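Trainee: kindly return the folded structure for what I paste below:
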Amino acid sequence: MKKFGFLTIFLIFLNFTFAFFSQEKVVLPIDEAVKKALSANPRLIAAKLESVAATKRKEETFANHFGELSFVANYNHFERDRILVPIAEELFKNPALGMMQLPWDKNQTHYGLSFTLPLLANGSLHEGDKIAKLLEDSAFKMSIFTKEETIYNVKSAYRNVLILKHALDSAQSYRDALQKDFEDAKLKLQLGQIATVDLQKIEFSYENAKAQYEDIKAQYLYAFSVLSALMGEEPDENKYELLDDESKIDEPQEEEETNNAFLLRKDYLAQVNSTKVAEHKKHLALSAFAPQLVLQANYLKNTAPSVEEDLYTREWFIALKIPIFNGLKRVRAVQESAINLEIEKEKERGKKLEIETQIVNAKARIKSAMELYNSGKVQRDLGKEVSRIEKLKLEQGNGKIEDYLLAKYQEFQGEASYWRGLYTYKNSIDYYKFVIGKGDESE
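Mentor: Numbering: from 1, shown residues only. Below is the predicted model of the structure:
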């Protein structure tokens with residue numbers, strides 16, 4: 001029994017120790033969060049793979065220039081004997097036998113190599129190469145844009161977690177302080193030092209504080225799950241400890257304006273490429289009216305049960321194809337390509353307007369966030385001081401419970417407003433850099 005009791009205590013101690021260390025949070029600076037996202041974000045990985053796939057498609061398209069070499073084979077069974085190979089002068093070895101000396105059989109096997117090379121492909125090879133190169137470049141540019149977008153999203157999500165963390169801490173302090181006040185008020189009511197209505201006022205503020213705490217906690221958990229998803233991880237708010245950043249805020253330079261964004265925004269440049277692709281597809285549709293010229297060469301071995309020796313045939317020929325009529329299919333293809341070109345032009349114009357709108361929004365957000373930050377600093381200091389004074393007045397019997405409760409709420413709001421203003425301001429700066437095409441600061 002003593003051994004069992006000691007073993008049980010030892011196992012409990014091990015479990016407690018393991019649980020203690022397993023819950024220790026890992027410090028995660030914002031730059032490290034960005035690195036994790038750049039290596040594990042599913043959307044970014046998919047964009048990079050799409051770029052690689054586009055390169056392979058370009059190489060696949062270019063390979064059409066080299067023709068195609070194939071192994072071909074077929075086995076034929078006819079209703080009666082047929083000639084194994086085309087009639088040629090060399091097959092008539094004995095003039096006296098005539099046609100009977102030719103290789104006849106109803107069971108035949110033919111196999112060998114066949115090579116096809118386009119000599120004139122009505123422009124499809126040339127236009128196909130251009131389209132494939134543009135699509136490769138578009139995929140590469142979109143992978144860069146996705147990287148820049150991921151960097152901004154991670155930094156924004158990281159700071160949003162910090163905003164809610166400080167709001168949650170402030171709400172918890174506010175709730176705990178009111179809980180203490182509520183417990184003290186119940187004792188004072190029993191001693192006849194306060195009225196019942198004052199107790200009810202404190203109780204209402206306490207219940208409201210608990211509700212606010214739970215609401216902010218729900219927002220905090222969701223914000224952390226967003227950050228985890230951006231880093232390609234499962235949500236776990238107990239895994240990392242995020243670090244505050246109260247460093248000086250570097251405002252963007254004035255010369256970083258709209259015109260530069262059209263040269264730097266990779267999503268806009270990718271859309272420009274899409275318009276060019278549509279132009280080349282229209283040329284491709286028009287080129288379908290042009291003739292095609294193909295070189296084909298075959299080398300075959302021909303065998304049959306009744307033929308003693310294997311016969312080899314080789315040939316090459318040039319085939320010319322001139323399109324004349326196919327139910328207006330080519331005409332409709334040209335019309336469709338023209339419409340698709342107009343669609344891409346409108347998308348390009350829409351993307352340009354979108355960027356201009358984003359820049360206007362980004363500039364306004366910077367000014368708004370700067371005022372919010374300045375206001376938050378003042379509100380934070382004011383809230384602490386007013387709360388301190390009202391607490392003293394209440395303890396000295398000169399204050400009102402309403403003023404004290406309002407001051408505590410203002411202290412809670414002031415602390416949360418400071419951090420919200422700080423990180424909203426930093427996010428607005430990063431957003432402006434992102435929308436003008438300078439969001440990649442990872443290198």
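
Trainee: burial check on K210, number of neighbours?
Mentor: A count of nearby residues for K210, using other Cβ atoms under 10 Å, gives 15. (Each C-beta comes from the backbone N, C-alpha and C, glycine too.)

Trainee: mind listing what the nearest residue to it once chain neighbours are set aside touches?
Mentor: Sequence neighbours aside, R175 is the residue nearest to K210 in space, at 5.6 Å (criterion: Cβ to Cβ, 6 or more residues apart in numbering). If a contact means Cβ atoms under 8 Å, 6 or more residues apart in numbering, then R175 has 206, 209-210, 212-213 as its contacts.

Trainee: most neighbours among those residues, which one?
Mentor: Top of the contacts of R175 by neighbour number is A209, holding 24 neighbours under the definition other Cβ under 10 Å.

Trainee: so what's that one scoring on pLDDT?
Mentor: At A209 the predicted local distance difference test score is 87.

Trainee: re earlier: tabulate the contacts of R175 (JSON lines), appending secondary structure.
Mentor: Output for these, formatted as JSON lines (DSSP: H, G, I helix; E, B strand; the rest coil):
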{"residue": "Y206", "secondary structure": "helix"}
{"residue": "A209", "secondary structure": "helix"}
{"residue": "K210", "secondary structure": "helix"}
{"residue": "Q212", "secondary structure": "helix"}
{"residue": "Y213", "secondary structure": "helix"}
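
Trainee: what distance separates the longest strand seen in the chain from the middle of the whole chain?
Mentor: Within the chain, and with DSSP state E defining each element, the longest strand by residue count is strand 104-121. The gap between where strand 104-121 is centred and where its chain is centred comes out at 48 Å by Cα atoms, centre = their mean, to the nearest Å.

Trainee: indicate each strand paired with that strand and its parallel or antiparallel sense.
Mentor: Looking at strand 104-121 with DSSP bridges, its partner strands are strand 68-83 (antiparallel), strand 292-303 (antiparallel).

Trainee: dump the residue contacts of N374.
Mentor: Per Cβ under 8 Å, 6+ apart, neighbours of N374: G421.

Trainee: that one and S170, how far apart?
Mentor: In this structure, N374 and S170 are 19 Å apart, going by Cβ to Cβ, to the nearest Å.

Trainee: same deal with D381?
Mentor: When distance is defined by Cβ to Cβ, D381 is 14 Å away from S170.

Trainee: tell me which of the two has more neighbours.
Mentor: Under the criterion of other Cβ under 10 Å, the comparison of D381 against S170 puts S170 first, with 24 against 12.

Trainee: check what pLDDT the more buried one gets.
Mentor: According to the predicted model, the pLDDT of S170 comes to 84.

Trainee: was I right about it contacting A416?
Mentor: Yes: the criterion here is Cβ atoms under 8 Å, and S170 meets it with A416 at 4.9 Å.

Trainee: would you map the strands across the protein?
Mentor: 26-28, 68-83, 104-121, 240-242, 292-303, 311-321.

Trainee: point out where this protein drops to low pLDDT.
Mentor: Confidence mapping of the chain against pLDDT under 70 gives the ranges 1-23, 96-98, 252-258, 394, 401, 441-443.

Trainee: for the closest residue to D81 other than its chain neighbours, which residues are in contact?
Mentor: The spatial neighbour of D81 that comes closest, neighbours along the chain excluded (Cβ to Cβ, 6+ apart), is W104 at 4.0 Å. The neighbours of W104, taking Cβ under 8 Å, 6+ apart as the test, are 81-84, 306.

Trainee: who wins for neighbours among these?
Mentor: Within the contacts of W104, most neighbours by other Cβ under 10 Å means L84, with 23 neighbours.

Trainee: how much space separates the closest residue to it other than its chain neighbours from P305?
Mentor: Computed as Cβ to Cβ, 6+ apart, the closest residue to L84 that is not its neighbour in sequence is P103, at 4.0 Å. When distances are taken as Cβ to Cβ, P103 and P305 turn out to be 11 Å apart.

Trainee: looking at these two, which is more packed in?
Mentor: In this view P103 and P305 are compared by other Cβ under 10 Å, and P103 has more residues nearby, 19 against 10.

Trainee: next one: the more buried one from N361, what distance?
Mentor: According to Cβ to Cβ, P103 and N361 sit 82 Å apart.

Trainee: so who does the residue nearest to K133 when sequence neighbours are not counted touch?
Mentor: Of all residues beyond its chain neighbours, the one nearest K133 is K58 (5.9 Å), with distances taken as Cβ to Cβ, 6+ apart. Taking Cβ under 8 Å, 6+ apart as the contact definition, K58 lies against 129, 132-133, 135-136.

Trainee: again, only this time at 6 Å
Mentor: Counting by Cβ atoms under 6 Å, 6 or more residues apart in numbering, K58 makes contact with 132-133, 136.

Trainee: kindly report the same for I318.
Mentor: In this structure, I318 makes contact with L295, judged by Cβ under 6 Å, 6+ apart.

Trainee: give me the nearest residue to K188, chain neighbours excluded.
Mentor: I194 (4.7 Å).

Trainee: the one you found - how many residues pack around it?
Mentor: For I194, using other Cβ under 10 Å, the count is 18.

Trainee: same check on E411?
Mentor: With neighbours defined by other Cβ under 10 Å, the count for E411 comes to 25.

Trainee: so where do the helices sit in the protein?
Mentor: Secondary structure of the chain (DSSP state H): helices located at 2-22, 30-40, 42-62, 124-190, 196-230, 258-264, 266-287, 329-395, 401-435.

Trainee: P323: which of these is closest?
Mentor: Distances from P323 to each of the helices of the chain were compared using Cβ to Cβ; the minimum, 6.8 Å, belongs to helix 329-395.

Trainee: ok, the residue nearest to L84 to T303 distance?
Mentor: Separation of P103 from T303 (Cβ to Cβ) stands at 10 Å.
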